[in-house]
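Chemist: Sequence first, then the predicted structure:
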2 protein chains.
Amino acid sequence: MRELPLSKVYQLLEPGPVVLLATARNGRPNVMTMSWHMMIEFEPPQLACVVSNANYSFAALRATGECVIAVPARKLAAKVVKVGNSSGRDLDKFATFGLGQLPAARVKPPLIADCFANLECKVTDRRFVNKYNLFILEVLKAWIDPAQKNPKTIHHRGYGTFVVDGPTIKLKSRMR
Amino acid sequence: MRELPLSKVYQLLEPGPVVLLATARNGRPNVMTMSWHMMIEFEPPQLACVVSNANYSFAALRATGECVIAVPARKLAAKVVKVGNSSGRDLDKFATFGLGQLPAARVKPPLIADCFANLECKVTDRRFVNKYNLFILEVLKAWIDPAQKNPKTIHHRGYGTFVVDGPTIKLKSRMR
């Protein structure tokens, strides 16, 4: 993994890819699938995400205030769905689905080796957790896998339907 | 436009498309381009979005508490960028860029006729506006244009680069 400048993090999450969210509690890592996230600030990069309190990851995220958000490419789609269909209450998802772990630099949850990008995050605002299950995160460190060239991300449309990235177009925009 | 059941709204926004946000203040409609949004509840559909206080739309959204979020397809990409590159302070973007308006049922801002989906929204929580420019919205009514078949949405990757929807894949998921 190569470090990615924090100023570029928004370009990973702004297009709305399905992501994995890794937590660690009492030395035990867990991972869930998530689509409800958005950027809220460019740099330092901040984002908001919703983690349902029905998810096993919710308590770990709230208690530890740390997570890794990892972006999987198309080739991981089947594993991503299996991660989403199961709960860390019942099994070790890393072992069960053969997801590789790498140590993170600033947080306890692991980087997910199979993903082309990994973002080490800390929770910076919990005021909307009780009402909306909404966490505000800051990205402390970002990693990209240079071996994965032009990864295609996937976008959830509900009930197992995903749209894979298609062609890239370039338009004259002054928008960052 | 045909009415869309509110239970299906999340399927439009969850994949992270670039959207247009229409406001109306003192009888004058305006429109901006936005990518920082996410679902936070299925039904009634609620979402969060960030509208920078540097945008002319910010004051209108805060003051009126109403907007329309419209989802453009690929063919509107050039107009979407022009909307994003200009400000309602200086011009009437609907007239300048030839965007058609249709009356909304529950809010004052117009539906955008050229978009394949339109969501009539009201602001339901302003507590994160001052700190993050983050609005919580509820979708009151949703419309879909049945004439636009299988529209391809666009996803912003920064500086005028957009990824267009590619192939759809179907996987066995229990995730809603």
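Modeler: Received it, and whenever you're ready, just let me know what you need. Numbers count the residues shown, from 1 in each chain, chains lettered A, B, ... in the order given.
Chemist: make it CA atoms for all contacts and neighbour counts henceforth
Modeler: OK.
Chemist: beta partners for the most centrally placed residue in chain A?
Modeler: By CA atoms, centre = their mean, chain A has its centre lying nearest to residue A:69, at 2.6 Å. Per DSSP bridges, the residues bridged to residue A:69 are residue A:21, residue A:119.
Chemist: any idea where the helices of chain A begin and end?
Modeler: Using DSSP state H, the helices found in chain A span residues A:10-13, A:56-64, A:77-85, A:93-97, A:129-132.
Chemist: now for those helices, which one comes closest to residue B:172?
Modeler: helix A:77-85 (7.4 Å; CA to CA).
Chemist: Give the other helices and strands that that closest one contacts.
Modeler: Counting contacts by 3 or more CA pairs under 8 Å, 6 or more residues apart in numbering or on different chains; DSSP states H and E, helix A:77-85 is packed against strand A:28-34, helix A:93-97.
Chemist: Which strands or helices does the first one pack on?
Modeler: Which is strand A:28-34. strand A:19-25, helix A:56-64, helix A:77-85, helix A:93-97.
Chemist: Dump these to a markdown table, plus mean pLDDT.
Modeler: What follows is the helices and strands packed on strand A:28-34, written out as a markdown table (pLDDT from 0 to 100):
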| stretch | mean pLDDT |
| --- | --- |
| strand A:19-25 | 98 |
| helix A:56-64 | 98 |
| helix A:77-85 | 97 |
| helix A:93-97 | 98 |
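Chemist: deepest of those, which one?
Modeler: strand A:19-25 (a mean of 24; mean count of other CA atoms under 10 Å in any protein chain shown).
Chemist: Would you confirm that residue A:56 contacts residue A:88?
Modeler: Yes: shown here, residue A:56 and residue A:88 form a contact pair, counting by CA atoms under 8 Å, at 6.1 Å.
Chemist: ok, back up a step: of all the helices of chain A, which one is nearest residue A:155?
Modeler: Comparing those by CA to CA, helix A:77-85 comes nearest, at 10.1 Å.
Chemist: so that closest one versus strand A:28-34, what angle?
Modeler: 110 degrees (axes from the mean of the first three to the mean of the last three CA atoms, to 10 degrees).
Chemist: How about exporting helix A:77-85 as CSV, limited to the C-alpha atoms?
Modeler: In CSV, the C-alpha atoms belonging to helix A:77-85 read as follows (Å, rounded to 0.1, in the frame of the first residue of the first chain):
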residue,chain,number,x,y,z
ALA,A,77,-18.1,-7.9,-5.2
ALA,A,78,-19.1,-11.5,-4.3
LYS,A,79,-17.2,-11.2,-1.0
VAL,A,80,-18.6,-7.8,-0.3
VAL,A,81,-22.1,-9.2,-0.5
LYS,A,82,-21.2,-12.1,1.8
VAL,A,83,-19.8,-9.6,4.3
GLY,A,84,-23.1,-7.7,4.1
ASN,A,85,-25.2,-10.9,4.5
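Chemist: Just the residues contacting it, thanks.
Modeler: A:20, A:31-34, A:72, A:93, A:97, A:154, A:160, B:171-175 (CA atoms under 8 Å, 6 or more residues apart in numbering or on different chains).
Chemist: who wins for neighbours among those residues?
Modeler: residue A:154 (31 neighbours; other CA atoms under 10 Å in any protein chain shown).
Chemist: beta partners of it?
Modeler: Beta-bridge partners of residue A:154, as defined by DSSP bridges: residue A:164.
Chemist: check contacts around it.
Modeler: Residue A:154 touches A:17-18, A:72-74, A:77, A:162-165, counting by CA under 8 Å, 6+ apart.
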